[in-house]
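Trainee: Here's my sequence, what's the structure:
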Amino acid sequence: YLDIIYHAIVNKQVLSMKYRSFKARSANTFMFHPYLLKEYRNRWFVFGQRKGNLINLALDRIHHIEIAEKERFITNDLFDPQTFFDDLVGVTKNVGMKAETVRFWVNKENAPYVQTKPFHKSQQLIETQEDGSMVFEIKVVINQELQREFFGYVDTIKVLSPQSLVDFMAWKFRTAQERYF
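Mentor: Below is the predicted model of the structure:
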């Protein structure tokens, strides 16, 4: 659906879309005003407006799409595509989500990897500890993509703050441990 969505964006056309999220029991059909296509981890997303709200939709969950010729296109006044992703890892950012300072520790074996391939462009080295481990900070919106990045380093990283993310990570680890033991 890349081609039809791209042309709808360029030509400012409304799309009639049949879409099924992973959480939905069945697909829903609705009008959608597309503004931006974005790729993340080999999956394409379209950002646009539905009933006055900014949403992002994964293209691989679209069941049917067509131009809604009789619908009037609503111009984007919900977000600035040039700055919207500045404080994100990934593509998930709901209305009202604000960037937070996330501090995390990485063991000495993995610290060089995290240092040379940062989680986010805001990443800063805060401290190198005597054992070679490092403490970093990033200023980002806490979303599922960030959490999943951290889970990729599950045994070599420890989130230090904010407390809400520390608590979430601990809860996920307890849940995972219950599955294995």
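
Trainee: CA only for contacts and neighbour counts going forward, please
Mentor: OK.

Trainee: care to break the protein down by domain?
Mentor: As assigned by automatic domain parsing, the chain contains the domains 2-67, 100-180.

Trainee: can you give me the offset of stretch 37-52 from its chain's centre?
Mentor: A distance of 10 Å separates the centroid of the chain from that of stretch 37-52, by Cα atoms, centre = their mean, to the nearest Å.

Trainee: what are the ranges of the strands in the protein?
Mentor: In the chain, strands defined by DSSP state E lie at 15-19, 28-40, 43-50, 53-58, 62-67, 100-106, 124-128, 134-140, 157-161, listed in chain order.

Trainee: Next, the angle from the fourth one to strand 15-19.
Mentor: With axes from the mean of the first three to the mean of the last three Cα atoms, to 10 degrees applied, the angle from strand 53-58 to strand 15-19 works out at 60 degrees.

Trainee: Can we start the residue count at 367 from this point?
Mentor: Sure thing, new numbering starts at 367, so read that last one as strand 419-424.

Trainee: could I get the domains of the chain as CSV with mean pLDDT and distance to residue 455?
Mentor: Conversion of the domains of the chain to CSV gives the following (pLDDT from 0 to 100; distance: least, Cα to Cα, whole Å):
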stretch, mean pLDDT, distance to residue 455
domain 368-433, 95, 10
domain 466-546, 96, 6
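
Trainee: Pipe these into CSV and attach mean neighbour count and distance to residue 457 per row.
Mentor: Below are the domains of the chain laid out as CSV (neighbours: other Cα atoms under 10 Å; distance: least, Cα to Cα, whole Å):
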stretch, mean neighbour count, distance to residue 457
domain 368-433, 16, 7
domain 466-546, 15, 8
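
Trainee: closest one to residue 441 among the strands of the chain?
Mentor: Closest of these to residue 441 is strand 394-406, at 8.1 Å (criterion: Cα to Cα).
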